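S.K.: got a sequence here, can you build the structure:
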Amino acid sequence: MIRRLFTGLLLLGFTALAHAAFDIDQLMTELARNPGGQAKFVEKRHLALLDKPVVATGEMTYTAPDRLEKRTLTPKPETMVLDKDTLSLERDRRRMSIQLGQRPEVAAFVESIRSTLSGNRASLERSYQLALTGQPDAWVLTLVPTDARIAKLHAAHHAQRRA
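M.R.: This next block holds a predicted model:
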């Protein structure tokens, strides 16, 4: 009984340490190990003009190192495909493609997505302030733009999304 209790306390202690040690470095290390996959997402967009955030949901498929497909299901269907240096968008039966080399401000925003998925903290911190909450199996990474170009792009993107 005492041995079982000690083992239980020891395991509890390791679990507590693992959760206490979960930080941005650990998250980035885990993300860097991931060759890709599919996940559902919930994205909250905060706009100065609105009292509450706009919530978008959908699915993302990532194939390392440079292909990302994001299918937004709500509030409006939209597909974004990032394949190497080409970003393609489809919304309301309209399609648009952008070569990232021609739009450095868009390239910087896209690089933040790639950097997150590949676990590149240094790249993220060039343009964002990072905040991590949660635990290894349920976490939220918040990116707040510190680079004026990216902040402006976020604001323009959010305004277009509401229209």
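S.K.: please identify which helix or strand holds the nearest residue to residue 152 once chain neighbours are set aside.
M.R.: Excluding the flanking residues, the one nearest residue 152 by Cβ to Cβ, 6 or more residues apart in numbering is residue 105, at 7.3 Å. The C-beta positions use only the backbone N, C-alpha and C, and glycine is treated the same way. Secondary structure from DSSP states H and E places residue 105 in helix 104-118.
S.K.: and that helix, how far from the chain's centre?
M.R.: Distance of helix 104-118 from the chain centroid (Cα atoms, centre = their mean, to the nearest Å) equals 10 Å.
S.K.: below-threshold pLDDT in this structure: ranges please.
M.R.: 1-21, 150, 153-163 (pLDDT under 70).
S.K.: please, where are all the strands along the chain?
M.R.: In the chain, the strands defined using DSSP state E lie at 36-45, 54-63, 67-74, 78-83, 86-91, 94-99, 128-135, 138-145.
S.K.: among these, which is nearest residue 117?
M.R.: Judged by Cβ to Cβ, the one of the strands of the chain that comes nearest to residue 117 is strand 54-63, at 5.2 Å.
S.K.: packing partners for that closest one?
M.R.: Strand 54-63 is packed against strand 36-45, strand 67-74, helix 148-162, with contacts defined by 3 or more Cβ pairs under 8 Å, 6 or more residues apart in numbering; DSSP states H and E.
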